[in-house]
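**Q** Could you look at this predicted model? Sequence included:
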Amino acid sequence: MDDKELLEKINRIEIREGRERGIKSYVLRNNVISPKDASVITSYMRDHGFFFEDKMLSYEKLFGNSNPVVIEIGFGMGDTTAEVAIRRPEFNYIGIEVFLHGFVNLLNELGQRNIENVRLIRFNAVDVLNHMIPDGSAEGFHIFFPDPWQKKRHHKRRLMNPEFIHLLSTKLKVGGYIYMVTDWEEYAEEVLELSAGEKLLMNPFGGFAPPVTWRPVTKFEQKGMESEHPINEIWLERIADSE
Ligand SMILES: C[S@@+](CC[C@H](N)C(=O)[O-])C[C@H]1O[C@@H](n2cnc3c(N)ncnc32)[C@H](O)[C@@H]1O
């Protein structure tokens, strides 16, 4: 793919665009590719990124090995993603994010530091999961500080809703995990409750989970802590389908 095509493709981030757009868990701001962004994209996208295709992924092809794959949704600026990938090198990571500035920031980090076990896609995670992630294939999902959509009338935009939790569960291997962290207590309680109603999941901790040792503090976590919000961790595991 030549540079021009690469730069055109990077701004297509969802299947249903314009008037067709359904309810989205994100708002797009500042979608303009600066010359610096363009240089990062053309330098590193081929080795550290991939584009949306309506076709299930082969992880072996994408990573060149058969290590288990963990998928992070909404990595923001991506500092945590890079750090986790270095601290837990026995896994491959797919990072999904629509926010251009964050996407380019992590792409640059991966290229500059030569981090080999992460691949990025700039696309709506719901579409990526539905069209590219085979059922029963993922080792885990990381969802750190998803937008809480605080106002009641915006709750329908929350990423972690019953359909999405079910979608995540179907994509996990039996024994695979969903690891979510949030500083929005009411959202945390809601996800605990919703996950109790998902028959493909179990909560090994009964309630909130203790923090893991390998997760560094994220940008949004820092903000949450500055506002004295409690940080709640949720760890869920996929169980076999009883039907
Ligand atoms: C509040 S930020 C948290 C960022 C980061 N995880 C952190 O803790 O600093 C949530 C991020 O999720 C992304 N996001 C929300 N819905 C998404 C979706 N459906 N697909 C891809 N990214 C999404 C947003 O663009 C945003 O950058």
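**A** Now that the structure is in, tell me what you want to look at.
**Q** Buried ones in the lowest-mean-pLDDT helix or strand in the chain, by neighbour count?
**A** Least confident element among the helices and strands of the chain, by mean pLDDT, DSSP states H and E: helix 219-226 (a mean of 89). Judged by neighbour count using 16 or more other CB atoms under 10 Å, the buried positions of helix 219-226 are 220-221, 224. Every residue, glycine included, has its C-beta placed from N, CA and C.
**Q** and which of these is nearest the ligand?
**A** Phe220 (3.7 Å; CB to the nearest ligand atom).
**Q** what's the distance between the residue nearest the centre of the chain and Phe123?
**A** Central residue of the chain (CA atoms, centre = their mean): Ile73, 0.9 Å from the mean position. Between Ile73 and Phe123 the computed distance is 11 Å (CB to CB, to the nearest Å).
**Q** Can you work out which residues contact both of those two?
**A** Common contact partners of Ile73 and Phe123 (CB atoms under 8 Å, 6 or more residues apart in numbering): Ile96.
**Q** how about the strands in this structure?
**A** Using DSSP state E, the strands of the chain run over 69-73, 92-96, 118-121, 138-144, 172-182, 201-202, 232-238.
**Q** nearest to Ala38, of those?
**A** strand 118-121 (16.0 Å; CB to CB).
**Q** If you average the pLDDT over the closest one, what comes out?
**A** On average, the pLDDT along strand 118-121 is 98.
**Q** Just the residues contacting it, thanks.
**A** Counting by CB under 8 Å, 6+ apart, 48-52, 62-63, 81-82, 85, 92-97, 103, 106-107, 110, 128 sit against strand 118-121.
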